[in-house]
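**Q** Show me the folded form of this:
(2 chains)
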Amino acid sequence: MPQLDVTTFAPQLVWLAITFAAMFIIMWKIAVPKISDALETRQMRLEDNLKKAEDLQREAEATLASYEKALADARAQAHDDIQKIQQQLQEAAAKEEAELSDKLDARIAESEKAIAAEVEKAMESVRDVAVDVAADAIEKLTGEAPAGGKVEGAVDSVLKS
Amino acid sequence: MAEGQSPLAQFEIKTLVDINVAGIDASFTNSSLFMVLTVATVTLFLVGGMRKSALIPGRWQSMAELSYVFIANMLKDTVGSEGRPYFPFVFTIFMFVLVGNMWGMMPYSFTFTSHIAVTFAMAFFIFVGVTLIAIAKHKLHFLAFFMPPGVPMYMAPLLVPIEIISYLSRPISLSVRLFANMLAGHTLLKVFAGFIISLGIAAGWLPFVFVVALTGLEFVIAFLQAFVFTILTCLYLNDALHLH
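**A** Numbering: from 1, shown residues only, chains lettered A, B, ... in the order given. Model (predicted):
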């Protein structure tokens, strides 16, 4: 069995030591740092990007919130404005209505006054006519003209009752 | 069987260049050649894969990173964060044994892990190193390793020798496992390959099918033994750092 040939041990062990040491130094100084650097860089990039994504998401959420707030504000503002304008319009309408009714009342009062004056005038002419008629009637009946004040006093007392 | 056709002929050490330094035979042999090839392959694989060191790795870089992450996770799972300083060594052990085994799967190649001298040297180096780490870290308290906590005192005369023997047999079991697996697998392949020739066309297809299946199995074993060798190194390191 070649494995038990002791004379081959020395060269095997010498070259094992040389090659293994060489490989260890290559791994230790070159290969392992290279690979671990690459892995670390990638890990850092990943974490960095994840953090960035999180920041962006948070920013987007903040933007959405502020947008929603602006929208709600605008709605409330519009609501207020509409109410204010409605109130103003109502007030204006009420004022106009009041003015109109005042005007109408004034005219009604004026007209009533005119009517009353007219009625008085008519009543007066009725008295004059009545006095004339009464005087004429008395003259025709008695043949003589009544005294000036008597007929008028009688008509007035009849009209008053 | 004729000379050179024995199933064990593949394990013969052949001197390629005679070198003698200070009375020590340091000849460059077929074993040395495959050790050098292993180092070159691993270096090319890792340094070549990482030459661009891209943020999004290609296939080659992914494989290089995968081998790193595989061993890094193994070390983290068995030893924890204290094992980090020993990562380059553990990684070297794994790649050296794995690629050495894989080179051995090439026809006409030589499997340097099939020699007990090589596997025992590695196992013994690990054993001594791990013991020194344990002593440096725990001083005399390291001896408590041989007396598990919670065991009654009267059991000590029985238990301590058992623990010491099991501790001392670690380098033997570690080296023999790898060496024997490689030896047995490669010998079996050769034996069945010999049957193909001797049985001829009539019945030779049967061992041929067997050899094909065995080759697949041998690839699995080549990986598995490298894995086992490395994970046991991690476990020994864990014992040294944490004492049970």
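**Q** switch to C-alpha atoms for all contacts and neighbour counts from now on
**A** OK.
**Q** tally of neighbours for residue A:19?
**A** Residues lying near residue A:19 (other C-alpha atoms under 10 Å in any protein chain shown) number 22.
**Q** any idea which element residue 126 lies in?
**A** Chain wasn't specified; assuming chain A. Assigned by DSSP states H and E, residue A:126 falls within helix A:32-142.
**Q** Chain B, not that one
**A** Going by DSSP H and E, residue B:126 is part of helix B:116-138.
**Q** And the average pLDDT for that helix is what?
**A** For helix B:116-138, mean pLDDT rounds to 93.
**Q** And the contacts of the helix or strand following it?
**A** Downstream of helix B:116-138, the next assigned helix or strand under DSSP H and E is helix B:156-168. For helix B:156-168, contacts defined as C-alpha atoms under 8 Å, 6 or more residues apart in numbering or on different chains pick out B:146, B:147.
**Q** Any idea how far helix B:156-168 is from the middle of the chain?
**A** 26 Å (C-alpha atoms, centre = their mean, to the nearest Å).
**Q** what stretches of the chain score poorly on pLDDT?
**A** In the absence of a named chain, chain A is used. Across chain A, the stretches falling below the confidence threshold (pLDDT under 70) are A:148, A:161.
**Q** actually chain B
**A** For chain B, the stretches with pLDDT under 70 are B:1-4, B:244.
**Q** For it, which residue gets nearest to chain A?
**A** residue B:26 (4.3 Å; C-alpha to the nearest C-alpha).
**Q** And for the closest residue to that residue other than its chain neighbours, the neighbour number?
**A** Once flanking residues are discounted, residue B:26 sits nearest to residue A:11: 4.3 Å by C-alpha to C-alpha, 6 or more residues apart in numbering or on different chains. By other C-alpha under 10 Å, 23 other residues sit near residue A:11.
**Q** From residue A:62, how far out is residue A:11?
**A** According to C-alpha to C-alpha, to the nearest Å, residue A:11 stands 73 Å off from residue A:62.
**Q** thought the residue nearest to residue B:26 was touching residue B:23?
**A** No: using C-alpha atoms under 8 Å, residue A:11 is not in contact with residue B:23, being 11.6 Å away.
**Q** Is the helix holding residue A:126 in proximity to chain B?
**A** Yes: counting by C-alpha under 8 Å from any C-alpha of the partner chain, chain B has neighbours in helix A:32-142: A:32, A:34, A:35, A:38, A:39, A:41, A:42.
**Q** Which among these count as buried?
**A** With burial judged by 16 or more other C-alpha atoms under 10 Å in any protein chain shown, the buried subset of these is A:32, A:34, A:35, A:38, A:39, A:42.
**Q** just checking, the last one touches residue B:55?
**A** Spelled out, that is residue A:42. Yes: proximity of residue A:42 to residue B:55 meets the contact threshold set by C-alpha under 8 Å, at 5.9 Å.
**Q** buried set for stretch B:176-190?
**A** Of all the residues in stretch B:176-190, those buried under the rule 16+ other C-alpha under 10 Å are B:176-183, B:185-190.
**Q** Do it and chain A come into contact?
**A** No: Stretch B:176-190 does not reach chain A (C-alpha under 8 Å from any C-alpha); its nearest approach is 9.4 Å.
**Q** which residues does the residue sitting nearest the centre point of chain A contact?
**A** The centre of chain A sits closest to residue A:79, judged by C-alpha atoms, centre = their mean, with a distance of 1.6 Å. Residue A:79 makes contact with no residue, according to C-alpha under 8 Å, 6+ apart.
**Q** Around residue A:13, count how many other residues there are.
**A** Neighbours of residue A:13 using other C-alpha under 10 Å come to 20.
**Q** residues in contact with it?
**A** Per C-alpha under 8 Å, 6+ apart, neighbours of residue A:13: B:117, B:118, B:121.
**Q** Disregarding residues adjacent in the polypeptide, which is nearest to the first one?
**A** If I follow you right, that is residue B:117. Nearest non-adjacent residue to residue B:117, counting by C-alpha to C-alpha, 6+ apart: residue A:9, 6.1 Å away.
**Q** and the closest residue to chain B within chain A, how far is that from residue A:2?
**A** Going by C-alpha to the nearest C-alpha, chain B is nearest to residue A:11 of chain A, at 4.3 Å. According to C-alpha to C-alpha, residue A:11 stands 14 Å off from residue A:2.
**Q** One more: residue A:105?
**A** 139 Å.
**Q** ditto for residue B:228
**A** Counting by C-alpha to C-alpha, the gap from residue B:228 to residue A:2 is 25 Å.
**Q** Residue A:120 now?
**A** Relative to residue A:2, residue A:120 is positioned 161 Å away (C-alpha to C-alpha).
**Q** So which other helices or strands are in contact with the lengthiest helix in chain B?
**A** Across chain B, the helix with the greatest residue count (assigned by DSSP state H) is helix B:205-242. When contacts are defined as 3 or more C-alpha pairs under 8 Å, 6 or more residues apart in numbering or on different chains; DSSP states H and E, helix B:205-242 sits against helix B:59-78, helix B:87-104, helix B:116-138, helix B:170-203.
**Q** if you set the cut-off to 6 Å instead, what comes out?
**A** Other helices and strands packing on helix B:205-242, by 3 or more C-alpha pairs under 6 Å, 6 or more residues apart in numbering or on different chains; DSSP states H and E, are helix B:87-104, helix B:116-138.
**Q** Can you mark which positions in that helix are buried?
**A** Under 16+ other C-alpha under 10 Å, the buried positions of helix B:205-242 are B:207-208, B:211, B:214-215, B:218, B:221-223, B:225-231, B:233-241.
**Q** Let me know the angle separating it from helix B:59-78.
**A** 50 degrees (axes from the mean of the first three to the mean of the last three C-alpha atoms, to 10 degrees).
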